[in-house]
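*Asks:* Pasting a predicted model and its sequence here:
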Amino acid sequence: MLGLELSAGVDGVVEKIEKLPTDLFAETLQAILVHLQDQNKAVDLIETCNKFQRAGINLDQKAVQDVIKLLSYYFRLAAKSNLSADVLVSKLTECSSKWSKPNLQLVHQFWTEHGSLLHQEVLTMASIGQLVDIQWKLGMAVSSDTCRSLNSSFISVLMKIADTSGEVSYKSFEMTVQQFQNFYRQFKEMASVLETV
């Protein structure tokens, strides 16, 4: 319906939002707006889950991710279409009748105060994943059931990537030293091209 994949459907996600205390809902809205304004690479899913649990709201990571996805989706939609706070609230009530009046008022207030800060180019950039961090370490293969050439060095790489919903995921892989040197050269070339833009 929305072009948005939610594990519990829109009504189910809104019901979860309605369980949140007002101050926690406000913090979540603020974190999403900061992310969309590109002041933060991602909404930290683990930290948000921990905040919910400390407040006595037991939602698993998938449910918290759905909350972030739904709110991010509507904030992006409102920014791209230059919607007023009133129209944003009416869009939210169209998608689900489960919204409470206080939460809709809070969304209205946040959008009125902060919505104009979202720029089209920031939203365009936020619609793709972002590389948040990359770590690497040098290793040495000393034993293996399948490898014949031991005592060869390799590079282990761990990449931290934030997707459009703010969920942070990790990707890891290994490569030879020569592959890593080529990988490094390509990143260096990309950095020099980006400096000229």
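*Replies:* Yes, it's here.
*Asks:* CA only for contacts and neighbour counts going forward, please
*Replies:* OK.
*Asks:* how about low-confidence regions in the chain?
*Replies:* 1-8, 38-42, 119-129, 143-150, 164-166, 196-197 (pLDDT under 70).
*Asks:* Quick check: beta-bridge partners of the nearest residue to residue 176 once chain neighbours are set aside?
*Replies:* Setting aside the residues directly before and after it, residue 176 is nearest to residue 154 in space (C-alpha to C-alpha, 6 or more residues apart in numbering), at 4.6 Å. Listed beta-bridge partners, residue 154: residue 139, residue 176 (assigned using DSSP bridges).
*Asks:* So residue 154 sits against residue 173, correct?
*Replies:* No - using C-alpha atoms under 8 Å, residue 154 makes no contact with residue 173, being 10.4 Å away.
*Asks:* And the two? Which one has more around it.
*Replies:* Higher neighbour count among residue 154 and residue 173: residue 154, with 18 against 10, using other C-alpha atoms under 10 Å.
*Asks:* Any figure for the gap between the more buried one and residue 45?
*Replies:* Per C-alpha to C-alpha, to the nearest Å, residue 154 is found 32 Å from residue 45.
*Asks:* what's the answer for residue 25, then?
*Replies:* Taking C-alpha to C-alpha, one finds residue 25 at 14 Å from residue 45.
*Asks:* domain assignment for this protein?
*Replies:* Taking automatic domain parsing as the reference, the chain has its domains at 9-126, 130-196.
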